[in-house]
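>>> Here is a sequence with its predicted model. Questions after.
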Amino acid sequence: MKKLFTLFIALSLFSCSDGDFDTPEFEFTDNIKSCDEFVLYVTNSNTTETLVLTLVAGELGTTVGEKSFAISTTRKVVYRLFDKGISTNYFCQVIPPTTPKVLKELNVESGNIIITTSEVYKNQVLSGYSYKISFSDLLFIDGNERIFYETFPFGTFSINL
């Protein structure tokens, strides 16, 4: 009986599965790309993973300092995994292309967008603005699994006048 019990325990331990949950890498380049000032995105090095930030018109602004916005239905953060790399104008098209195929899409359930605005001068003349963007309390839900980041740097975006 002891041998049978030991065999049962051994088989139980080796047959465990951690499920199909595939945690995204979330390793993006620091280079923020944009479509106007409202859709900002970063990609991984082979452009198959993206993190997209959609803002409301005027939220980048020209007021120097830090401001925070809650993620909502109008301010969105979306993670997408593609089967192939995307082109530089993928998010700028009115009708999204059918290729590459989206393998996974995760919408942020809650969190905050933090934007720190600073002026950029060239030859002592205001030439634009720089926006350091990060997220706090970022929560993705993938089925029954939760992905949470207390802080997550998005990158720096600049606008020239």
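Perfect, thanks for sending it.
>>> Now do the helices in this protein.
2-14 (DSSP state H).
>>> Any idea which residue is closest to the centre of it?
The C-alpha lying nearest the average C-alpha coordinate of the chain belongs to Leu51 (CA atoms, centre = their mean; 2.9 Å).
>>> thought that one was touching Asn44?
No - counting by CB atoms under 8 Å, Leu51 does not reach Asn44; the two are 9.2 Å apart. No exception for glycine: its C-beta is placed from N, CA and C like everyone else's.
>>> overlap in contacts of the two?
Phe28 (CB atoms under 8 Å, 6 or more residues apart in numbering).
>>> check contacts around the residue nearest to the centre of the chain.
Here Leu51 is in contact with Phe26, Phe28, Tyr41, Val42, Val77, Val78, Tyr79, Phe154 (criterion: CB under 8 Å, 6+ apart).
>>> Could you rerun that using 7 Å?
Leu51 sits next to Phe28, Tyr41, Val42, Val77, Tyr79 when contact means CB atoms under 7 Å, 6 or more residues apart in numbering.
>>> Same question for Arg80.
Arg80 neighbours (CB under 7 Å, 6+ apart): Thr50, Val52, Val102, Glu105.
>>> Alright, calling it a day.
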